[in-house]
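*Asks:* quick one, fold the following:
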Amino acid sequence: MATLSILEGRVIDPASNLDSVTNVHIADGKILAIGTPPTDFSAEQQINAKNQIVCPGLIDLSVRLREPGAEHKGTILSETRAAAANGITTVCCPPDTNPVIDTPAVAELIQKRAAEAGMAKVLPLAAMTQALKGEHLAEIGILKEAGCIGVSNVLPITNTQVLRHAYAYAANCEMTVFLHPIEPWLSKGCIHEGTISTRLGLSGIPETAETIEVARDLLLIEMTGVRAHFCRLSTARAVSMIKEAQAKGLPVTADVSAHHLFLTDKDINNYNSQCHVSPPLRSHDDKTGLREGLLQGNINTISSDHQPHEADAKLSPFAMTASGISALDTLLPLCLRFAEEMQIDLTTALGYVTHKPAQILGISAGTLAIDCTADLCIFDPNSHWTLTPDNMQSLGHNSPFLNSEFKG
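*Replies:* So this is what the prediction gives:
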């Protein structure tokens with residue numbers, strides 16, 4: 001494999017707290033040296049990264065690839081290419097494909113097609129129960145052998161006994177459970193329950209739809225000892241519950257979607273279907289709580305929660321539109337905006353999308369350490385650009401940030 005030197009870039013590696021203008025040298029797909037190369041090293045290719053930032057490739061904990069089952073919205077090739085074009089080198093694929101990732105055959109198919117695409121790496125999450133129906137456990141141990149990085153419910157599991165056994169099974173297999181805290185009976189709406197939902201005449205989803213499930217999950221985590229990650233928290237109350245659990249020593253982590261750090265239910269305004277997401281955009285206080293949770297370390301990572309849709313999926317009346325945002329194109333720019341607004345350094349901000357998600361997944365990525373895989377992102381932190389359908393890399397152009405200006 002070719003040798004490569006990336007010269008004069010501002011190299012930021014949150015895992016080692018490195019922030020320095022220096023050189024990165026790569027051989028055989030691994031980081032060989034930072035700074036001065038070995039005397040016998042000769043670079044076959046050089047990249048001048050002056051005035052650019054060189055950091056580990058981003059890791060995204062939730063990317064719907066839409067394949068298999070919904071290739072009209074996106075494919076493994078199109079979405080991993082979009083990820084790579086946006087500096088994201090590793091993505092987690094939730095199990096709600098069609099067919100569901102509940103057999104080794106589906107897990108292996110996704111990994112095979114991702115390898116053939118040759119873009120971002122894809123780590124599938126296994127379904128916790130067969131067909132995600134919440135009735136019978138999937139073969140978690142076999143799915144781990146087939147390359148699944150963790151197990152997830154995605155859809156609510158109402159039977160607490162099934163959930164308990166799933167956690168115990170995952171703990172026995174040393175698999176992290178990725179939890180979407182959604183109480184099904186309280187989640188029948190399409191927007192956060194509050195003054196905005198009342199004014200717009202849309203059915204609301206109260207904060208307790210999230211917090212009731214977080215409470216049940218935490219009690220079962222304590223009971224079974226399973227390592228758990230809470231996906232896409234949306235309420236300040238849930239963040240405080242996670243904080244208490246972490247203080248007690250429970251093995252729990254959490255993430256937030258980039259859009260929940262910037263948007264609230266007020267952005268739905270005139271029934272803007274691009275803001276129809278699940279969990280819903282919450283109140284200003286919730287947004288503040290999520291931001292504080294990140295800064296305090298109770299929320300560990302930022303994910304895109306990428307869900308590409310065809311244009312027609314967002315054209316019906318608000319409640320009937322498909323939920324989700326095409327978000328690969330805005331993950332890094334929104335992280336940079338978060339750093340600017342909250343006045344935190346880039347090392348901290350980039351840590352939310354590099355080594356911290358790698359720690360949750362238990363993979364040796366998200367770092368520029370010597371001998372680690374050379375997955376890198378190089379970007380211009382000062383370039384100003386506007387998000388348009390023409391420059392979006394994903395097949396899905398469904399984004400509330402269209403026509404917004406970004407840096408980086």
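*Asks:* which residues of the stretch 251-400 of the chain fall in helices?
*Replies:* Ranges of helices in the stretch 251-400 of the chain, per DSSP state H, counting those that start in this stretch, are 284-296, 331-342, 346-351, 355-361.
*Asks:* make a markdown table out of the ones you listed and add mean pLDDT and distance to Leu125.
*Replies:* Where you see a C-beta, it was placed from the backbone N, CA and C, and this is true even at glycine. Output for the helices of the stretch 251-400 of the chain, formatted as a markdown table (pLDDT from 0 to 100; distance: least, C-beta to C-beta, whole Å):
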| stretch | mean pLDDT | distance to Leu125 |
| --- | --- | --- |
| helix 284-296 | 98 | 22 |
| helix 331-342 | 97 | 18 |
| helix 346-351 | 97 | 22 |
| helix 355-361 | 97 | 10 |
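*Asks:* and of those, who's closest to Arg81?
*Replies:* helix 331-342 (15.0 Å; C-beta to C-beta).
*Asks:* re earlier: looking at the helices of the stretch 251-400 of the chain, spot the one closest to Ala84.
*Replies:* helix 331-342 (12.2 Å).
*Asks:* dump the C-alpha coordinates for the closest one into CSV.
*Replies:* Taking C-alpha atoms only, helix 331-342 is exported to CSV below (Å, rounded to 0.1, in the frame of the first residue of the first chain):
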residue,chain,number,x,y,z
LEU,A,331,-22.6,16.6,11.3
LEU,A,332,-19.2,18.2,11.2
PRO,A,333,-20.4,21.8,10.4
LEU,A,334,-22.9,21.6,13.3
CYS,A,335,-20.2,20.4,15.7
LEU,A,336,-18.0,23.3,14.6
ARG,A,337,-21.0,25.7,15.2
PHE,A,338,-21.6,24.2,18.6
ALA,A,339,-17.9,24.8,19.5
GLU,A,340,-18.3,28.4,18.4
GLU,A,341,-21.5,29.1,20.2
MET,A,342,-20.5,27.4,23.5
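*Asks:* any chance of CSV for the helices of the stretch 251-400 of the chain, columns distance to Ile212 and mean neighbour count?
*Replies:* Formatted as CSV, these follow (distance: least, C-beta to C-beta, whole Å; neighbours: other C-beta atoms under 10 Å):
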stretch, distance to Ile212, mean neighbour count
helix 284-296, 16, 18
helix 331-342, 29, 19
helix 346-351, 31, 21
helix 355-361, 24, 22
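*Asks:* can you redo those helices as CSV with distance to Thr39?
*Replies:* CSV is the format used below for the helices of the stretch 251-400 of the chain (distance: least, C-beta to C-beta, whole Å):
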stretch, distance to Thr39
helix 284-296, 43
helix 331-342, 36
helix 346-351, 31
helix 355-361, 30
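*Asks:* of those helices, which is nearest Trp185?
*Replies:* Across the helices of the stretch 251-400 of the chain, closest to Trp185 is helix 284-296 (C-beta to C-beta), at 21.0 Å.
*Asks:* okay, strands next: where are they in the stretch 301-408 of the chain?
*Replies:* 301-303, 376-379, 384-386, 405-407 (DSSP state E, counting those that start in this stretch).
*Asks:* which other helices and strands contact the first one?
*Replies:* Helices and strands in packing contact with strand 301-303 are listed as strand 252-257, helix 331-342, helix 355-361; criterion 3 or more C-beta pairs under 8 Å, 6 or more residues apart in numbering; DSSP states H and E.
*Asks:* chain center to the longest helix seen in the chain, what's the gap?
*Replies:* Using DSSP state H, we find that the single longest helix of the chain is helix 208-224. Relative to the chain's own centre, helix 208-224 is displaced by 21 Å; criterion: C-alpha atoms, centre = their mean, to the nearest Å.
*Asks:* which secondary structure elements does the helix or strand just after that helix sit against?
*Replies:* Following helix 208-224 in sequence order, the next helix or strand is strand 228-230 (DSSP states H and E). Applying 3+ C-beta pairs under 8 Å, 6+ apart, one finds that strand 228-230 makes contact with strand 177-179, helix 208-224, strand 252-257.
*Asks:* next, format the ones you listed as a markdown table and append mean neighbour count.
*Replies:* Converted to a markdown table, the helices and strands packed on strand 228-230 look like this (neighbours: other C-beta atoms under 10 Å):
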| stretch | mean neighbour count |
| --- | --- |
| strand 177-179 | 28 |
| helix 208-224 | 19 |
| strand 252-257 | 26 |
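*Asks:* how about those in JSON lines, adding distance to Ile268 and mean pLDDT?
*Replies:* Listed next are these as JSON lines, based on distance: least, C-beta to C-beta, whole Å; pLDDT from 0 to 100:
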{"stretch": "strand 177-179", "distance to Ile268": "26", "mean pLDDT": "98"}
{"stretch": "helix 208-224", "distance to Ile268": "17", "mean pLDDT": "98"}
{"stretch": "strand 252-257", "distance to Ile268": "16", "mean pLDDT": "98"}
